[in-house]
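**Student:** below: sequence and its predicted model.
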Amino acid sequence: PTMAHSKALLVLENFIGGKFVPCSSYIDSYNPSTGDVYCRVPDSGKEEVEAAVKAAKDAFPVWSSKSPLERSQILNKLADLIEHDLEAFAQAESKDQGKTITFARTVDIPRAVHNFRFFASSILHHVTECTEMPTLGCVHYTSRAPVGVAGLISPWNLPLYLLTWKIAPAIACGNTVVAKPSEMTSVTAWMMCKLMENAGVPPGVVNVVFGTGAKAGEALVCHPDVPLISFTGSTPTAQRIAENSAPHCKRLSLELGGKNPAIIFDDADLSQCIPTTVRSSFANQGEICLCTSRIFVQRGIYTEFLKRFVAEAKKWKTGDPSDPTIDVGALISKEHLEKVRNYVKKAQAEGARVLCGEGVDPLALPPGNQKGYFMLPTVIAEVKDESCCMQEEIFGPVTCVVAFDTEEEVIKRANGVKYGLAATVWSGNVGRVHRVAHRLQSGLVWTNCWLVRELNLPFGGMKASGIGREGAKDSYEFFTEVKTITIKH
Ligand code: NAD
């Protein structure tokens with residue numbers, strides 16, 4: 001690039017030991033809504049990861065010996081500083097990721113703030129176990145201590161939201177961290193680093209190394225001084241991470257993909273179910289691991305449901321994500337857009353019917369967004385259960401609607417995929433809702449709602465959707481090492 005060109009661009013730097021450090025090479029990161037280069041991201045590798053791990057190791061003795069209350073106050077300060085800059089963070093997240101400014105303002109950044117406040121509070125309330133053996137004169141109790149340097153790897157769909165969901169519990173528990181955000185969405189992590197000093201986070205407690213998974217990510221996973229890895233991303237990457245950690249017996253938390261069913265019985269309240277299921281299918285362009293992509297509708301209401309569902313989906317406006325009236329922004333990249341479009345083509349080739357969206361309705365974009373990676377919310381019907389569209393995670397604004405007859409049948413079909421992350425069940429019958437929720441192979445089941453999160457309780461997936469859970473108690477247990485101590489008098 002010419003000087004003029006590179007000058008206009010945002011150039012990110014790694015954050016190591018409390019200092020911003022330039023890198024010897026960089027990669028381009030795009031604004032998905034225009035197709036232009038938005039910033040340059042360090043292309044870190046072993047050397048940068050080495051420096052970051054060293055800084056984190058050096059900071060560990062002091063940070064880990066602080067009281068939970070001291071750490072809590074620092075987390076709260078960091079939350080306040082992010083909240084103070086909420087609008088700037090939201091603008092950056094929207095430009096970097098393609099998501100709508102409204103979603104960034106109301107979901108991503110507020111949740112990042114909340115993640116710090118939540119763990120700042122919950123860290124104060126844990127108790128350990130104690131049990132007595134009076135006849136032997138013994139008391140046993142458990143004690144929990146931070147583990148050391150935590151490696152945190154996050155994806156591009158909810159960049160700051162998911163990164164802070166890891167950083168907050170890790171440092172609240174007294175660990176120090178080396179984080180690697182997705183190379184496609186690094187800007188808000190870099191902005192957050194600028195607030196660390198003012199928040200009172202000591203140098204080396206939070207280090208951020210930017211770069212690709214293959215270089216920076218692997219170097220972090222393979223580093224012998226990083227005993228635990230918390231990863232959110234795709235199932236194939238998790239398999240690679242598990243392989244690379246195996247020689248070191250690392251502790252892993254893996255939050256992975258989903259192929260989430262919505263099960264809609266004929267006694268469901270459609271006036272609530274339809275708008276919520278449109279939202280669960282298309283929120284954040286369908287790029288949320290919890291998004292619905294298989295909708296099972298009981299035969300008696302199938303035709304009516306389809307008609308009303310498609311009408312509701314068509315109300316969602318696709319366009320410039322910086323426009324606050326827009327509902328659907330741009331997909332993360334050109335490659336991803338192609339991948340998502342190909343699923344629709346495959347479904348059509350198999351004889352499925354595309355009822356709205358891709359290839360059916362016109363997509364009108366403002367002049368500045370002609371080269372952006374946009375796609376209309378797309379609803380497909382009559383897809384076979386064994387079709388790749390019903391089996392694989394598409395991770396875009398595409399949802400499939402099929403009919404079912406009985407409770408028994410729909411449970412079997414809903415469970416008939418390799419994933420098991422989140423399901424929704426819609427019915428007015430409490431007994432049925434309980435029965436179905438218990439039998440679904442899914443880490444989360446929402447009945448008559450979607451994405452109502454209670455951060456205290458376990459979050460995570462079954463089967464290929466992950467290993468481990470996150471939440472107040474779960475994250476505390478993951479980010480600490482437990483010891484059982486016996487005292488005899
Ligand atoms: P991805 O697996 O491609 O990348 C995730 C992160 O891992 C990125 O930071 C990437 O650079 C890094 N990475 C890639 N290869 C690596 C390697 N070999 N070693 C170490 N790190 C490596 O995922 P993505 O495309 O960024 O995100 C989308 C996926 O994330 C979807 O499958 C989605 O369902 C999943 N996801 C899951 C949850 C959840 O909580 N279960 C939440 C959000 C997203």
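**Tutor:** That came through fine.
**Student:** which parts of the stretch 251-400 of the chain are helices?
**Tutor:** Ranges of helices in the stretch 251-400 of the chain, per DSSP state H, counting those that start in this stretch, are 270-282, 302-314, 334-349, 388-391.
**Student:** relative to the ligand, which of the ones you listed is closest?
**Tutor:** Checking the helices of the stretch 251-400 of the chain against the ligand by Cβ to the nearest ligand atom gives helix 334-349 as the closest, at 7.8 Å. Quick note: C-beta positions are derived from backbone N, CA and C, even for glycine.
**Student:** what about the closest one, average pLDDT?
**Tutor:** Taken as a whole, helix 334-349 has a mean pLDDT of 98.
**Student:** is there proximity between that helix and the ligand?
**Tutor:** No - on the criterion Cβ under 6 Å from any ligand atom, helix 334-349 is out of touch with the ligand, staying 7.8 Å away.
**Student:** report the buried residues of that helix.
**Tutor:** 336-337, 340-341, 343-344, 347 (16 or more other Cβ atoms under 10 Å).
**Student:** can you redo those as JSON lines with distance to P42?
**Tutor:** Shown next, in JSON lines, are the buried residues of helix 334-349 (distance: Cβ to Cβ, whole Å):
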{"residue": "H336", "distance to P42": "22"}
{"residue": "L337", "distance to P42": "26"}
{"residue": "V340", "distance to P42": "29"}
{"residue": "R341", "distance to P42": "31"}
{"residue": "Y343", "distance to P42": "33"}
{"residue": "V344", "distance to P42": "36"}
{"residue": "A347", "distance to P42": "40"}
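**Student:** please name whichever of the helices of the stretch 251-400 of the chain is nearest to L195.
**Tutor:** Across the helices of the stretch 251-400 of the chain, L195 has its closest neighbour in helix 334-349 (30.2 Å, Cβ to Cβ).
**Student:** show me what that closest one is in contact with.
**Tutor:** If you take Cβ atoms under 8 Å, 6 or more residues apart in numbering as the criterion, helix 334-349 is touched by 35, 286, 331, 354, 357-359, 373-375, 378, 380, 383, 387-389, 392, 394-398, 400.
**Student:** one more: stretch 449-461?
**Tutor:** Around stretch 449-461, the neighbours that count as contacts under Cβ under 8 Å, 6+ apart are 114-115, 118, 122, 255-256, 258, 276-277, 279-280, 283, 290, 292, 419-422, 424, 442-444, 446, 466-474.
**Student:** list the buried residues of it.
**Tutor:** Of all the residues in stretch 449-461, those buried under the rule 16+ other Cβ under 10 Å are 450-451, 455, 459-461.
**Student:** between those residues, which sits nearest the ligand?
**Tutor:** G461 (5.6 Å).
**Student:** the host helix or strand of A179 pairs with which strands, and in what direction?
**Tutor:** A179 belongs to strand 176-180 when assigned by DSSP states H and E. Sheet partners assigned to strand 176-180 using DSSP bridges are listed as strand 149-153 (parallel), strand 206-208 (parallel).
**Student:** beyond that strand, next helix or strand please.
**Tutor:** In N-to-C order, the element after strand 176-180 by DSSP H and E is helix 187-193.
**Student:** which SSE is immediately downstream of that following helix?
**Tutor:** Where DSSP H and E defines the elements, the next helix or strand beyond helix 187-193 is helix 196-199.
**Student:** next one: that next one to chain centre, how far?
**Tutor:** Centre-to-centre, helix 196-199 and its host chain are 25 Å apart (Cα atoms, centre = their mean, to the nearest Å).
**Student:** just stretch 147-163 next, same as before
**Tutor:** Offset of stretch 147-163 from its chain centre (Cα atoms, centre = their mean): 9 Å.
**Student:** ditto for stretch 75-93
**Tutor:** Stretch 75-93 sits 18 Å away from the centroid of its parent chain (Cα atoms, centre = their mean).
**Student:** got it, and stretch 267-276?
**Tutor:** Offset of stretch 267-276 from its chain centre (Cα atoms, centre = their mean): 26 Å.
**Student:** can you give me the buried ones in it?
**Tutor:** By 16+ other Cβ under 10 Å, the buried positions in stretch 267-276 come out as 268, 270, 273-274, 276.
**Student:** using CSV, write out every CA atom in that stretch.
**Tutor:** This file holds the C-alpha atoms of stretch 267-276, laid out as CSV (Å, rounded to 0.1, in the frame of the first residue of the first chain):
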residue,chain,number,x,y,z
ASP,A,267,-51.3,-25.1,20.6
ALA,A,268,-48.5,-22.6,20.4
ASP,A,269,-49.3,-18.9,20.7
LEU,A,270,-48.3,-17.9,17.2
SER,A,271,-48.6,-14.2,17.9
GLN,A,272,-45.5,-14.6,20.1
CYS,A,273,-43.9,-17.5,18.4
ILE,A,274,-43.7,-16.1,14.9
PRO,A,275,-41.9,-12.8,15.6
THR,A,276,-39.6,-14.5,18.1
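**Student:** run through who's touching that stretch.
**Tutor:** Stretch 267-276 is contacted from outside by 264, 301, 304-305, 308-309, 312, 424, 426-429, 448-450, using Cβ under 8 Å, 6+ apart.
**Student:** state the mean pLDDT of that stretch.
**Tutor:** Average pLDDT, stretch 267-276: 98.
**Student:** rebuild the helices of the stretch 251-400 of the chain as TSV, extending it with distance to T484.
**Tutor:** Output for these, formatted as TSV (distance: least, Cβ to Cβ, whole Å):
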stretch	distance to T484
helix 270-282	43
helix 302-314	54
helix 334-349	47
helix 388-391	44
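**Student:** quick check: residues of this protein near the ligand?
**Tutor:** Close to the ligand, as judged by Cβ under 6 Å from any ligand atom, the chain has residues 153-157, 162, 180, 182-183, 212-214, 217-218, 221, 232-234, 237, 240-241, 255-258, 289, 393, 395, 421, 461, 466.
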